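Trainee: Everything below, folded, please.
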Amino acid sequence: APLSFADGGGQITLTRCRNPLAEAEHAAAVIHRLVRSGACYREITVVVRDVAAYTGVLDAMFEKEGIPCFLSEKTDLASKPLLSLILSALRIIRYGYRTEEVIAYLKTGLCGVTPDQANYAEEYLSVWKLRGKSAYGTAFTKNPDGLSPKKSARGERILVGAEAVRKIFFPPLAALENDLLSAEDAEGQIRAIFGFLTALNVRDQLKNEAAARLAAGERKEAEELSRLFAVTAETLETAARVLSGKARTVRELQDALSLAFAYTDIGTIPTSADEVTIGSAALLRADRPLYVLALGLFEGSFPQNVK
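Mentor: You can find the predicted model right below:
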């Protein structure tokens, strides 16, 4: 029988399940019963110790049962391509256009270069190991086949493709470096980064990618992409306030932003007015739900042992 609170404020019901799938089935049955009794989906919250352990089980079961749900989880900002773009650009400037930094930058997908174009550049750079800003300021003319006196048809394609990439990616980077070095203070350097992102039309690129993900049914990814630029901009503005004062070296700026991005995440928000919220106990901030289903309660896991 359910355990009742002494003040009559509610009840606790304990149910033993064999595994996470059985938990998901039982949770769905409880939610159906609550909704039939007049509850709204938004009044119900499902809490687990680690939402990642239930992803693909709980949400799949709810989808099968026709229960609208929202996985409340946070994604590290540092794992996103926009941050790779910013930090790769700073590393290129800091280390003098080393090949590995340039290739990483080209593969972010946000610098105006397609994956196929990036492959041409990687082929060329892997052969000639260019170094220094001046190496990118003039046209690529070296033979992609190496020291061979003749250029193959494949080599010609690589050279044409690599040169097209150079014309696309180098001017914004060169402008960023000039703006960073000429800035009078740290705030001016952060403005230079904003100017760099504007020149690359990053906001619209992310908006278009979010629309494509949403059309493909990837709702969570779409929602994260739609918020990515705003969260990044907020982090940059905070960094500008913290670093206020004299201009920093590129190394100091890169280290400071790497640290700021590492401690920032993207929290997802519900996309419907009436959904069951699913979240991890350590991160979930539910808005006073009327019904809470706690899954995975067993000693050593939830609550977790603290060593």
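
Trainee: what stretches of the chain score poorly on pLDDT?
Mentor: Flagging of the chain using pLDDT under 70 yields the residue ranges 1-10, 73-78, 266-273, 283-287, 305-307.

Trainee: Which helix in it has the most residues?
Mentor: Taking DSSP state H as the criterion, the chain has its longest helix at helix 153-182.

Trainee: Going along the chain from it, find the next helix or strand for me.
Mentor: Going down the chain from helix 153-182, the next helix or strand is helix 186-199, by DSSP states H and E.

Trainee: Now do the buried residues in that following helix.
Mentor: With burial defined by 16 or more other C-beta atoms under 10 Å, the residues of helix 186-199 counted as buried are 186, 187, 189, 190, 192, 193, 196, 197. Any C-beta I mention is one placed from the backbone N, CA and C, and that applies to glycine too.

Trainee: Repeat that for stretch 201-221.
Mentor: 202, 203, 205, 206, 209, 210, 213, 214, 220, 221.

Trainee: Turn these into a markdown table, columns for secondary structure.
Mentor: Listed next are these as a markdown table, based on DSSP: H, G, I helix; E, B strand; the rest coil:
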| residue | secondary structure |
| --- | --- |
| 202 | helix |
| 203 | helix |
| 205 | helix |
| 206 | helix |
| 209 | helix |
| 210 | helix |
| 213 | helix |
| 214 | helix |
| 220 | helix |
| 221 | helix |
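
Trainee: unless I'm mixing things up, residue 144 is touching residue 124, no?
Mentor: Yes. Using C-beta atoms under 8 Å, residue 144 and residue 124 qualify as a contacting pair, with a distance of 5.2 Å.

Trainee: so residue 142 sits in a strand?
Mentor: No. Residue 142 sits outside any strand when classified using three-state DSSP, being coil.

Trainee: From the contact counts, what lies against the longest helix of the chain?
Mentor: The elements that helix 153-182 packs onto, with contact taken as 3 or more C-beta pairs under 8 Å, 6 or more residues apart in numbering; DSSP states H and E, are helix 81-94, helix 99-106, helix 115-128, helix 186-199.

Trainee: any idea which helix or strand carries residue 248?
Mentor: Short version: residue 248 belongs to no helix or strand, going by DSSP H and E.

Trainee: For residue 301, give me phi and psi.
Mentor: Dihedral pair for residue 301: phi -110, psi -50, per degrees, to the nearest 10.

Trainee: check contacts around it.
Mentor: Going by C-beta atoms under 8 Å, 6 or more residues apart in numbering, residue 301 touches residue 49.

Trainee: That one bridge partners, please.
Mentor: Beta bridges link residue 301 to residue 304, judged by DSSP bridges.

Trainee: distance of it from residue 57?
Mentor: Distance of residue 301 to residue 57, given as C-beta to C-beta, to the nearest Å: 15 Å.
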